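Enquirer: Below is the sequence, then the predicted model.
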Amino acid sequence: MLKTASLLALALSFTTPAFAGDTVSPGQRKLAEIAGVQPGVYSQAQLQQLIDAQRDGNRARVNFILNSAVPLHETISSRHVPTSGQQTLAQSAGVEVGRYSTAEMMQLIKARSTGNQSAVNLILSQ
């Protein structure tokens with residue numbers, strides 16, 4: 001059912017917004033509704049990732065997406081400043097903020113949750 005709703009929302013996202021001044025398409029509104037978030041805050045890709053993470057029960061990924069979203073019309077600085085999402089992810093992984101990439105922290109969280117100590121040791125040794 002969720003996959004069908006996601007596909008419907010994706011199809012709708014290619015349509016023109018209902019109002020000329022409205023920058024959020026009906027598809028993005030539907031995806032935001034499915035994800036349980038405010039329309040216009042997250043990109044279509046972020047919404048789909050959020051829905052997938054919610055469906056999979058991946059709380060770390062859900063928190064990361066919710067805490068690291070940059071408003072769609074905001075300029076992103078090229079200077080690296082850890083976001084609250086990265087801080088949350090580092091805390092979940094039990095590591096220092098800025099020491100590991102997002103991918104490494106996600107791998108570390110997964111390795112710890114599955115009890116894969118050799119993968120944990122490998123990631124921490126880098």
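Expert: Thanks, I have it.
Enquirer: quick one: which helix or strand includes the nearest residue to residue 116 once chain neighbours are set aside?
Expert: Leaving out its chain neighbours, the residue that sits closest to residue 116 by Cβ to Cβ, 6 or more residues apart in numbering is residue 110, at 7.9 Å. No exception for glycine: its C-beta is placed from N, CA and C like everyone else's. Using DSSP states H and E, residue 110 sits in helix 102-114.
Enquirer: mind listing the strands for the protein?
Expert: Ranges of strands within the chain: none, based on DSSP state E.
Enquirer: Can you list the low-confidence ranges for the chain?
Expert: Applying pLDDT under 70 to the chain flags the ranges 1-22, 69-83.
Enquirer: domain parsing for it?
Expert: Domain assignment for the chain, taken from automatic domain parsing, gives 2-57, 84-124.
Enquirer: isn't residue 66 right up against residue 50?
Expert: Yes. Applying Cβ atoms under 8 Å as the test, residue 66 and residue 50 come out as touching, 7.3 Å apart.
Enquirer: Please enumerate the shared neighbours of those two.
Expert: residue 37 (Cβ atoms under 8 Å, 6 or more residues apart in numbering).
Enquirer: between those two, which one's more packed in?
Expert: residue 50 (23 against 19; other Cβ atoms under 10 Å).
Enquirer: show me the contacts for that one.
Expert: Counted by Cβ under 8 Å, 6+ apart, residue 50 has contacts 35, 37, 42, 62, 65-66.
Enquirer: rerun at 6 Å
Expert: Contacts for residue 50 (Cβ atoms under 6 Å, 6 or more residues apart in numbering) come out as 35, 65.
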